[in-house]
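>>> Predicted model and sequence follow; I will ask about them next.
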Amino acid sequence: MNLQQRKPGLSALIAGLALALLQLSATVAFADQGEPLPELSVSVLQFGTAHWELDHIVHRKLDREHGYQLSLKLVANLPASRLAVTSGSVNGAVADLLWAQTRFEAGTPYLYVPFSSQIGAVVVSEQSSIRTVADLAGKRIGVAGGPGSKGWILLQKVAGQQGIKLEESSEIQYAAPPLLSQALKRGQVDVIVTYWHFAARLRGEGGWRSAFGMADLLTELGLDRTLPVLGYVFPANWAENHGSLIDRFAASLHRAKAELAESETYWQRLRPLMGEPGDEVFAALREGFVAGRPAPQTDRRITDLQRLMVLTGAAPDNLMPANLFYRAQP
């Protein structure tokens with residue numbers, strides 16, 4: 001793999017077949033020669049959603065099947081995960097698209113391998129009359145992630161198009177997602193803008209529904225509603241020199257996502273990593289994760305990712321270039 005932009009169509013198909021053959025031959029070569037497999041290390045939140053598929057890769061030995069060894073460094077929070085990758089103690093980490101753009105602006109570009117297209121949802125009680133962006137005017141809104149939250153920024157953009165200034169017309173409270181879920185249950189807020197897995201847990205518990213999803217806001221803004229807003233990031237210089245290893249990692253990710261989408265059986269083993277949820281919450285989390293499987297990257301989707309970065313505050317003349325968005329598909 002290299003960081004040059006790839007073109008879709010027949011050339012992409014030929015490239016994909018060639019990649020598969022290379023991965024197969026590499027795996028066979030390692031097995032025949034008894035050489036140690038190259039290692040790829042990734043930091044991940046112990047109870048984060050990315051851990052589900054990474055743990056599946058290790059358990060099913062999909063890394064070894066693709067000719068490498070995946071090493072996971074479990075961390076307790078996002079700052080620790082980001083520090084691990086920026087300090088070089090691991091090769092990669094899970095990160096938000098906007099974080100990758102911020103690092104690019106700071107002069108430290110990262111290769112961005114799509115992880116999930118799930119952003120979040122606006123959650124209300126089943127009895128609430130809130131169903132649209134316009135219904136949020138004058139309400140008490142809880143926002144996960146702070147003022148710089150991507151979902152909150154998108155919500156304000158769409159509201160602004162409708163002539164609504166939520167930050168002026170509504171009462172805004174910022175807090176961590178678990179605290180917002182409790183605030184909603186206690187009636188301290190009318191609605192919360194939260195991450196998808198916290199929204200899924202509430203829906204699974206019963207009594208709560210999504211008024212609309214963040215993907216609906218992307219549609220309102222004329223963007224692809226399945227953009228991969230979360231990804232695995234690797235320092236660009238390191239990735240340039242380890243293209244084959246990145247390809248193998250991406251291929252094992254693709255296989256893991258496919259297996260998790262096809263069979264619930266694999267999910268039962270992951271239940272402890274999901275917090276041992278009840279059956280309804282478990283089903284909502286599993287369905288939400290599968291729904292967030294990223295589609296193959298295209299020129300159009302990369303352009304939309306760059307437009308999304310501009311909408312959320314990035315300078316149009318200093319965006320992550322197309323070659324930093326991983327495109328090879330197994």
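Cool, got the structure. Please read all numbers here as calculations on a predicted model, not as lab measurements.

>>> Run through the strands of the stretch 201-330 of the chain in chain order.
Under the criterion DSSP state E, counting those that start in this stretch, strands of the stretch 201-330 of the chain are mapped to 208-213, 230-235.

>>> go on, the stretch 51-200 of the chain?
Assigned by DSSP E, counting those that start in this stretch, the stretch 51-200 of the chain shows strands spanning 69-75, 92-96, 110-116, 120-125, 140-144, 171-175, 191-195.

>>> what bridges to residue 42?
Beta-bridge pairing of residue 42 under DSSP bridges involves residue 72, residue 92.

>>> Quick check: which of the strands of the stretch 201-330 of the chain is buried the most?
Ranked by mean neighbour count under mean count of other C-beta atoms under 10 Å, these are led by strand 230-235, which reaches a mean of 25. Any C-beta I mention is one placed from the backbone N, CA and C, and that applies to glycine too.

>>> Listing request: residues of the stretch 151-300 of the chain with sub-threshold pLDDT.
Within the stretch 151-300 of the chain, not a single segment meets pLDDT under 70.

>>> hmm, back to that, take the strands of the stretch 201-330 of the chain and lay them out in CSV including distance to residue 133.
Formatted as CSV, these follow (distance: least, C-beta to C-beta, whole Å):
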stretch, distance to residue 133
strand 208-213, 7
strand 230-235, 23
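
>>> Go through these and name the closest to residue 275.
The closest of the strands of the stretch 201-330 of the chain to residue 275 is strand 208-213. By C-beta to C-beta, the value is 17.4 Å.

>>> Pairing partners for that closest one, with directions?
strand 120-125 (antiparallel).

>>> if we can go back for a sec, and the strands of the stretch 51-200 of the chain as TSV, adding distance to residue 258?
Listed next are those as TSV, based on distance: least, C-beta to C-beta, whole Å:
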stretch	distance to residue 258
strand 69-75	17
strand 92-96	19
strand 110-116	14
strand 120-125	25
strand 140-144	30
strand 171-175	36
strand 191-195	24
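
>>> any chance of these in JSON lines, plus distance to residue 278 and mean neighbour count?
As requested, those are exported to JSON lines (distance: least, C-beta to C-beta, whole Å; neighbours: other C-beta atoms under 10 Å):
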{"stretch": "strand 69-75", "distance to residue 278": "25", "mean neighbour count": "17"}
{"stretch": "strand 92-96", "distance to residue 278": "26", "mean neighbour count": "23"}
{"stretch": "strand 110-116", "distance to residue 278": "23", "mean neighbour count": "24"}
{"stretch": "strand 120-125", "distance to residue 278": "18", "mean neighbour count": "24"}
{"stretch": "strand 140-144", "distance to residue 278": "22", "mean neighbour count": "22"}
{"stretch": "strand 171-175", "distance to residue 278": "24", "mean neighbour count": "16"}
{"stretch": "strand 191-195", "distance to residue 278": "19", "mean neighbour count": "25"}
